[in-house]
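J.: coords below, sequence missing:
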């Protein structure tokens, strides 16, 4: 049963039972894709293949945002992260590689030590997360409208918004200076 | 089976661990940057999951994730600029060979 309350600028809070079987199937598929592509990033030894796995991982995270009812954020993730940052990283790969198959290998001992540390961290985190009783966990689906996000950006979060604008301008100037042609 | 908060947090923890492994073991500077992007994404998934499950009407988590995306893009731009300059000067992006200030 859905009941929507629309106030001006407020997100529509729809109380419903969360999707059930469809949501579970979608979540496990998307979460599996995310973790598998992240593993592909750290296993690949070719930098271009790492970038492709990262592309799949970022797209899966955008699907996770859709499942979390954060539609605007998912679109921003696809446009800015996948279409901007990832393309920038691939440009960096293109401009800094002498040949497509150059490989830097790490010593096996370092790999094993790092794998041990990261596996221990992941296991400890999962244990702690599954044992915590998160207060107020509700099964409520909230539809966040772009209007509500925009209203918050311009009222509650005005200062970070302006600072982010200044930051982006500084970064543009700095990046143009860093990548200049030496005469 | 209902998907709860813990499911998303476990996914974010896995992303964090793989990003950390990538940062620790890759010698290519761009590879280290890719690890940083994975870690930032795991933090974003945490923010949005907490926002959806612990306070669905408040959008604080989503706005924070938005700002994290902005800062991550800015940082990736500058870092790639630095890598390009390192490549211009040292003819390689192997971080082990950028050791002139060492010792």
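T.: Structure received. Being a predicted model, the structure only gives us computed values, none of them experimental.

J.: thought residue B:54 was touching residue B:5?
T.: Yes. At 7.3 Å, residue B:54 counts as touching residue B:5 under the criterion of CB atoms under 8 Å. Quick note: C-beta positions are derived from backbone N, CA and C, even for glycine.

J.: Comparing those two, which shows the higher neighbour count?
T.: residue B:5 (19 against 15; other CB atoms under 10 Å in any protein chain shown).

J.: May I ask you to confirm that that one is in contact with residue B:53?
T.: Yes. Here residue B:5 lies in contact with residue B:53, judged by CB under 8 Å, at a distance of 4.2 Å.

J.: Which element, helix or strand, includes residue B:30?
T.: helix B:29-54 (DSSP states H and E).

J.: mind listing the helices for chain B?
T.: Assigned by DSSP state H, the helices in chain B fall at B:5-25, B:29-54, B:60-90.

J.: Any idea which of these gets closest to residue A:147?
T.: helix B:60-90 (13.4 Å; CB to CB).

J.: Could I get the average pLDDT for the closest one?
T.: Averaging the model's pLDDT scores along helix B:60-90 yields 93.

J.: what's it packed up against?
T.: Counting contacts by 3 or more CB pairs under 8 Å, 6 or more residues apart in numbering or on different chains; DSSP states H and E, helix B:60-90 packs against helix A:71-76, helix A:87-95, helix A:146-154, helix A:158-178, helix B:29-54.

J.: and the ones you listed, which is most packed in?
T.: Burial of the helices and strands packed on helix B:60-90 is given as mean neighbour count (mean count of other CB atoms under 10 Å in any protein chain shown); helix B:29-54 ranks first at a mean of 23.

J.: Report whether that one contacts chain A.
T.: Yes. Using CB under 8 Å from any CB of the partner chain, helix B:29-54 reaches chain A at B:29-31, B:33-35, B:37-38, B:41, B:44-45, B:48-49, B:51-54.

J.: mind showing which ranges of chain A have poor pLDDT?
T.: A:1-19, A:100-102, A:136-144, A:183 (pLDDT under 70).

J.: okay, now the domains of it?
T.: A:12-107+A:140-144, A:146-183 (automatic domain parsing).

J.: neighbours of residue 69, just the number please.
T.: No chain was given, so I picked chain A. By other CB under 10 Å, 21 other residues sit near residue A:69.

J.: wrong chain, I was asking about chain B
T.: Neighbour tally, residue B:69, other CB under 10 Å: 21.

J.: tell me the contacts of it?
T.: Each residue near residue B:69 by CB atoms under 8 Å, 6 or more residues apart in numbering or on different chains is listed here: A:76, A:77, A:80, A:81, B:44.

J.: Identify, from these, the entry nearest to residue A:126.
T.: Nearest to residue A:126 among those: residue B:44, at 19.0 Å, using CB to CB.

J.: Contacts only, for the closest one.
T.: With contact set as CB under 8 Å, 6+ apart, residue B:44 has these partners: A:61, A:77, B:65, B:68, B:69.

J.: Roughly how far does the second one sit from chain B?
T.: In this structure, residue A:77 and chain B are 7 Å apart, going by CB to the nearest CB, to the nearest Å.

J.: Spatially nearest residue to that residue (excluding sequence neighbours)?
T.: Counting by CB to CB, 6 or more residues apart in numbering or on different chains, residue A:77 lies nearest to residue A:62, which is 4.3 Å off, once chain neighbours are set aside.

J.: Please, which helix or strand holds that neighbour?
T.: In this structure, residue A:62 sits in helix A:47-67 according to DSSP H and E.

J.: helices or strands next to that helix in the packing?
T.: Using 3+ CB pairs under 8 Å, 6+ apart, helix A:47-67 sits against helix A:21-43, helix A:71-76, helix A:87-95, helix B:5-25, helix B:29-54.

J.: and residue B:82, which of those is closest to it?
T.: helix B:29-54 (8.1 Å).

J.: Could I get the average pLDDT for the closest one?
T.: Rounded mean pLDDT across helix B:29-54 is 94.

J.: Kindly calculate the angle that that helix makes with helix A:87-95.
T.: 170 degrees (axes from the mean of the first three to the mean of the last three CA atoms, to 10 degrees).

J.: Show me how far helix B:29-54 is from its chain's centre.
T.: 6 Å (CA atoms, centre = their mean, to the nearest Å).

J.: thinking again about what came up before, quick check: which of the helices and strands packed on helix B:60-90 is nearest to residue A:56?
T.: Short answer: helix B:29-54, nearest of the helices and strands packed on helix B:60-90 by CB to CB, at 11.9 Å.
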